[in-house]
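Chemist: when you get a sec, could you give me coordinates for this:
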Amino acid sequence: MNGAALGARVLALSLAWTAGCASAQTMPEARALLNRVYEATQTLSYTGTFVFQQGQRNETSRVTRRASAAGDVERLEVLDGSPREIVRTKDGVRCYLPQARTLKIGHGGGARGFPALLPARMDALLQHYTVRLGPMDRVADRACKTLTMEPKDDFRYGYALCADAESGMLLRAITLNEANVPVEQFTFTRLVIGDVHAEAVEPRYATRSWRIEEASVRPADLAAEGWRIESNLPGFQKIVEVVRESGARHRIGQIVYSDGLAAVSVFVESAEGRREPLSSGAVNVGGINIYVREVGDHVVTVVGETPAASVRRVADHVRYQRPQ
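Modeler: Alright, predicted model coming up:
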């Protein structure tokens, strides 16, 4: 199915769901399904293959997750293009790049990835989305229940989801732009839910002779350094404020805001020593919008899983005053 046909189909479904499921009685059932999706993605062990679609780009990955009392482990293998492997544990994220013989180590849980997209707490999230149940569908040879999350404002995208009828596992997630057209999509093509052995989530590569890149990350107070940064987006709360350092002089401040589903990150780094002129302005990559501008002697980059206007709104309100 081409992009236009996919967009038309999703739009038609969305209109049908809105017309047929607008009663107040639907909301508790839809909310219960969202909670069930969250529980499934957090507690189940599984292995599956999914496709990520973004414009003309398609990428296939295999994900294996082992849930255990000792700590959950997730292993993601990218099956197209240059081989990559990502292993997530409670201690952080390890990214294996075999062609470059490089291991990148990150601390903290990192951003949620498909299928674990939903937050634990729904109350704040549902203040900004209207959730509606839709008809049954079928994904990866499994019956699934559809629902839409329609934004109540223009600051965020909408979503069309499909959850496994038996387990609650999220089988498909489509991000819809302001025109209700898909901008990116995750879809399982194969999924097996059940026990996963420990060796199935162990990294494939031995890294004894590889280059290790481990960025230092520590809590930060950018306001104390002269920065005034606010989300300026209703419902988006600050969840992370850190400084990332790699090498002796490369230092980047980062603040992340989220409404529980989408995230907007503000990166601040010194413009000193730049070899190339700064390219200010907006860039769009599927459902991701980026805006770059110079503030003082710094480069401010805002990256958001939101419409372009939201990213620009945040970037335009970043202020800097050198501390006395």
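Chemist: measure residue 214 to residue 245 for me?
Modeler: 11 Å (Cβ to Cβ, to the nearest Å). All C-beta spots, glycine's among them, are computed from the backbone N, C-alpha and C.
Chemist: then residue 153?
Modeler: Distance, residue 153 to residue 245, using Cβ to Cβ: 36 Å.
Chemist: for the residue nearest to residue 116 when sequence neighbours are not counted, what are its contacts?
Modeler: Of all residues not flanking residue 116 in the chain, residue 41 sits nearest, at 4.1 Å (Cβ to Cβ, 6 or more residues apart in numbering). Residue 41 is in contact with 115-118, 169-170, counting by Cβ atoms under 8 Å, 6 or more residues apart in numbering.
Chemist: surely residue 41 is within a helix?
Modeler: Yes - according to DSSP: H, G, I helix; E, B strand; the rest coil, the state of residue 41 is that of a helix.
Chemist: quick check, pLDDT for it.
Modeler: pLDDT recorded at residue 41 is 96.
Chemist: please report how far it lies from residue 191.
Modeler: For residue 41 relative to residue 191 (Cβ to Cβ), the value is 12 Å.
Chemist: give the residues shared as contacts by those two.
Modeler: By Cβ under 8 Å, 6+ apart, the residues touching both residue 41 and residue 191 are residue 169.
Chemist: pretty sure residue 132 is touching residue 148, no?
Modeler: Yes - with contact defined as Cβ atoms under 8 Å, residue 132 and residue 148 form a contacting pair (5.2 Å).
Chemist: mind listing what's buried in the helix or strand where residue 96 lies?
Modeler: Per DSSP states H and E: residue 96 is located in strand 92-97. Buried residues in strand 92-97, counted by 16 or more other Cβ atoms under 10 Å: 93-97.
Chemist: do stretch 133-151 as well
Modeler: 133-134, 137, 139-140, 142, 144-151.
Chemist: verify the stated contact: residue 163 with residue 142.
Modeler: No - Residue 163 lies out of contact with residue 142 (Cβ under 8 Å); the separation is 9.9 Å.
Chemist: any common contacting residues for those two?
Modeler: residue 171.
Chemist: what about stretch 84-96, how long is it end to end?
Modeler: One end of stretch 84-96 sits 6 Å from the other (Cα to Cα, to the nearest Å).
Chemist: run the chain-centre distance for it.
Modeler: 16 Å (Cα atoms, centre = their mean, to the nearest Å).
Chemist: ok, stretch 66-86 next?
Modeler: Counting by Cα atoms, centre = their mean, stretch 66-86 comes out at 16 Å from the chain centroid.
Chemist: residues making contact with it?
Modeler: 42-45, 49, 58-65, 87-90, 93-99, 113, 196-198, 200-205.
Chemist: how does it look with 7 Å?
Modeler: Residues outside stretch 66-86 that contact it (Cβ atoms under 7 Å, 6 or more residues apart in numbering): 43-45, 59-65, 87-90, 93, 95-99, 196, 198, 200-201, 203-205.
Chemist: partner strands of the strand holding residue 96 and their direction?
Modeler: Strand 92-97 has its sheet partners listed here by DSSP bridges as strand 84-89 (antiparallel), strand 102-107 (antiparallel).
Chemist: which ones are touching residue 36?
Modeler: Per Cβ under 7 Å, 6+ apart, neighbours of residue 36: 163, 168.
Chemist: I should have written residue 269 there, sorry.
Modeler: 251-252, 298-299.
Chemist: apply 6 Å and report the result again.
Modeler: 252, 299 (Cβ atoms under 6 Å, 6 or more residues apart in numbering).
Chemist: same check on residue 297?
Modeler: With contact set as Cβ under 6 Å, 6+ apart, residue 297 has these partners: residue 271.
Chemist: and the pLDDT at it?
Modeler: On the pLDDT scale, residue 297 gets 88.
Chemist: which neighbouring elements make contact with the helix or strand residue 163 falls within?
Modeler: If you go by DSSP H and E, residue 163 is part of strand 158-164. Packing partners of strand 158-164 (3 or more Cβ pairs under 6 Å, 6 or more residues apart in numbering; DSSP states H and E): strand 142-151, strand 170-176.
Chemist: mind showing which ranges of the stretch 51-200 of the chain have poor pLDDT?
Modeler: 108-112 (pLDDT under 70).
Chemist: now with 90, please.
Modeler: Along the stretch 51-200 of the chain, the parts satisfying pLDDT under 90 run over 55-56, 70, 90-92, 106-113, 120-121, 123-124.
Chemist: in TSV, list the helices and strands packed on strand 158-164 along with distance to residue 159.
Modeler: What follows is those, written out as TSV (distance: least, Cβ to Cβ, whole Å):
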stretch	distance to residue 159
strand 142-151	4
strand 170-176	6
